[in-house]
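Enquirer: show me how the following folds:
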Amino acid sequence: MPASSKANKVTLPNLKLANKTISLRLPQHWLDAIKAPANSRDVLYQSLIKIWLQEKVHVH
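Expert: Okay, the predicted model is just below:
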């Protein structure tokens, strides 16, 4: 019997996401300039933005 058939579904109704979704409007040339280094690092451009923001605001 496969292990997946023994799995139980778990519901966590009080689980809250640690992150807040925001909308940010950027000029297309900024977005293009962010996507290039993200692609070369093999990360999502959103993740690279978060890394850069963390470095600038010194949040850990």
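Enquirer: confidence score at the residue nearest to V43 when sequence neighbours are not counted?
Expert: Leaving aside its chain neighbours, V43 sits nearest to I51 (7.9 Å; criterion: CB to CB, 6 or more residues apart in numbering). Backbone N, C-alpha and C define where each C-beta goes, glycine included. pLDDT, I51: 92.
Enquirer: same for the helix or strand where I51 lies, what does it pack against?
Expert: Assessed by DSSP states H and E, I51 sits inside helix 45-57. In terms of contacts (3 or more CB pairs under 8 Å, 6 or more residues apart in numbering; DSSP states H and E), helix 45-57 is packed against helix 28-41.
Enquirer: skip the chain neighbours and tell me the closest residue to N39.
Expert: Of all residues not flanking N39 in the chain, Y45 sits nearest, at 8.0 Å (CB to CB, 6+ apart).
Enquirer: still on that earlier bit, list the buried ones in the helix holding I51?
Expert: For helix 45-57, the buried set under the neighbour-count rule, 16 or more other CB atoms under 10 Å, comprises 45, 48.
Enquirer: re earlier: who touches the residue nearest to N39 in this structure?
Expert: 31, 34-35, 38-39 (CB atoms under 8 Å, 6 or more residues apart in numbering).
Enquirer: all set, thanks.
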